[in-house]
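> Quick one: sequence plus predicted model below, questions after.
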Amino acid sequence: MAGNTPENAFSGYFEVDGIPIGPNMSLKEIQSRRKQLGLELLYMDSGPQIYAAPKGKTGPETNQTWIFEVTSGDGGVIVDQRLKAISIP
């Protein structure tokens with residue numbers, strides 16, 4: 001029935017650009033895996049919450065958008081960035 005929420009969360013396997021995406025992944029971990037695979041690193045697009053993966057030469061026409069939850073410490077210094085969502089064209 002439309003409008004109802006699912007009883008169980010997605011339990012399948014999710015991978016983006018050859019990187020297995022897990023819950024609570026940090027930006028640092030994602031960047032490390034991208035580097036290991038020889039991919040370009042994500043770059044900050046609109047502040048510390050939004051990063052982008054450059055469009056591929058043979059891939060989609062627009063960039064992927066990676067959205068992070070940001071935790072700041074004293075003086076607004078970013079202490080952690082955790083993956084919240086990915087928009088893939």
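Nice, I can see it.
> Spatially central residue in this structure, please.
residue 66 (3.8 Å; Cα atoms, centre = their mean).
> Correct me if wrong, but that one is in a strand.
Yes - using DSSP: H, G, I helix; E, B strand; the rest coil, the assignment for residue 66 is a strand.
> Just list whatever residues bridge to it.
Beta bridges link residue 66 to residue 51, residue 86, judged by DSSP bridges.
> isn't it right up against residue 52?
Yes - between residue 66 and residue 52 there is a contact under Cβ atoms under 8 Å: 7.0 Å. The way it works is simple: take the backbone N, C-alpha and C, and place the C-beta from them, glycine included.
> Overlap in contacts, the two.
Listed as contacting both residue 66 and residue 52 by Cβ atoms under 8 Å, 6 or more residues apart in numbering are residue 42.
> related to what we said a few turns ago, dump the residue contacts of the residue nearest to the centre of the chain.
Contacts of residue 66 by Cβ under 8 Å, 6+ apart are 30, 42, 50-53, 83, 85-87.
> try 6 Å this time
Residues near residue 66 by Cβ atoms under 6 Å, 6 or more residues apart in numbering: 42, 51, 86.
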